[in-house]
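Novice: Test case, fold it:
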Amino acid sequence: MKRLIIALCATLFLAPLAGAQKLQTVAAYDNQSSYTSGLYGLADTGVFRYSWYYHEWFPLENTGLTRVNDTIRVSALAVYNNKINNSSGIFVFSDTAVFNYNWITATWYALKNTGLPRLFNKPDIRMLTVYGDSGSSSNSTLFALTDTAVYRYSWFYQEWSPLPNTGLPLPVNKAAKTAEQAVTAWPNPFRHALDVRGTLPENYTGPVEMAVFDAQGRWLEHLVTQPNRSAEYVFKPDMSRWSPGMYFFEIKVGSFFKTIKAVKIE
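Specialist: Okay, here's the model as predicted:
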């Protein structure tokens with residue numbers, strides 16, 4: 001009898017409570033609205049949005065997400081308020097890629113996997129995070145945590161690039177391969193023009209690209225140069241067209257990225 005009572009107690013203790021939630025994780029933002037909460041939850045088979053008005057979770061459409069054995073697979077979630085109603089600012093990792101949700105088409109669209117490390121021939125993504133203020137999702141800054149480094153997505157190049165692991169307590173054999181590039185902008189501050197100059201990685205013979213952005217992250221110009229048997233490259237962007245302020249110059253050398261900033265004055 002004593003054993004039976006103990007077994008019944010153990011069964012009751014281990015049994016899931018009625019109505020227990022099945023969410024893996026949640027993410028939220030302040031959407032400045034009283035009827036939709038800005039609170040999202042990630043379950044095994046989809047993404048759900050909470051409504052303050054109805055006090056209920058509502059599923060987003062799964063169209064476009066990866067299916068495994070006819071079952072949706074999602075394992076990471078990141079959200080931000082882009083203050084518009086087409087591309088949502090909602091991102092998930094769905095087995096084979098990172099996807100962005102579009103409210104108008106109620107469909108998930110895959111981002112490129114270029115640059116991401118792979119595990120068992122699939123992108124190795126453990127977690128997502130994103131920040132941004134407004135506009136389309138392409139104005140956001142999206143990060144993915146992998147086993148080797150944190151990767152940032154470039155909307156212009158549609159590629160992922162690793163942040164340096166410098167300062168992190170990681171084994172040397174797990175450090176992501178990053179470019180050791182010396183890039184300078186001179187003069188800085190500048191008035192009308194400047195030189196953006198850098199050194200090439202050893203044995204690199206391909207093109208070098210540069211994208212110019214303003215302080216709000218808007219793309220302004222894209223330049224390409226092909227160094228001619230030189231260990232250095234130089235860009236001379238014409239900045240006379242743009243107003244005074246801070247500018248960012250993103251250099252792409254093969255699969256490596258480097259961003260520097262310069263200030264234009266009156």
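
Novice: Nearest residue to residue 130 in space, ignoring adjacent ones along the chain?
Specialist: Leaving out its chain neighbours, the residue that sits closest to residue 130 by CB to CB, 6 or more residues apart in numbering is residue 78, at 4.3 Å. In short, each C-beta sits where N, CA and C put it, glycine included.

Novice: my guess is the one you found meets residue 27, correct?
Specialist: Yes: counting by CB atoms under 8 Å, residue 27 is a contact partner of residue 78 at 6.0 Å.

Novice: Ends of stretch 29-49, what's the gap?
Specialist: End-to-end distance for stretch 29-49: 12 Å, by CA to CA, to the nearest Å.

Novice: what mean pLDDT would you report for that stretch?
Specialist: For stretch 29-49, mean pLDDT is 76.

Novice: just stretch 81-101 next, same as before
Specialist: Mean pLDDT, computed over stretch 81-101, is 80.

Novice: can I assume the residue nearest to residue 130 sits in a helix?
Specialist: No: with DSSP: H, G, I helix; E, B strand; the rest coil as the criterion, residue 78 is located in strand rather than a helix.

Novice: For it, give me its contacts.
Specialist: Each residue near residue 78 by CB atoms under 8 Å, 6 or more residues apart in numbering is listed here: 27, 90, 91, 92, 128, 129, 130, 142.

Novice: Among those, name the ones in strands.
Specialist: Secondary structure from DSSP state E places 27, 90, 91, 92, 128, 129, 130, 142 of those in strands.

Novice: Which of the helices or strands spans the nearest residue to residue 28 once chain neighbours are set aside?
Specialist: Residue nearest to residue 28 in three dimensions, not counting chain neighbours: residue 39, with 4.5 Å by CB to CB, 6+ apart. Residue 39 belongs to strand 36-43 when assigned by DSSP states H and E.
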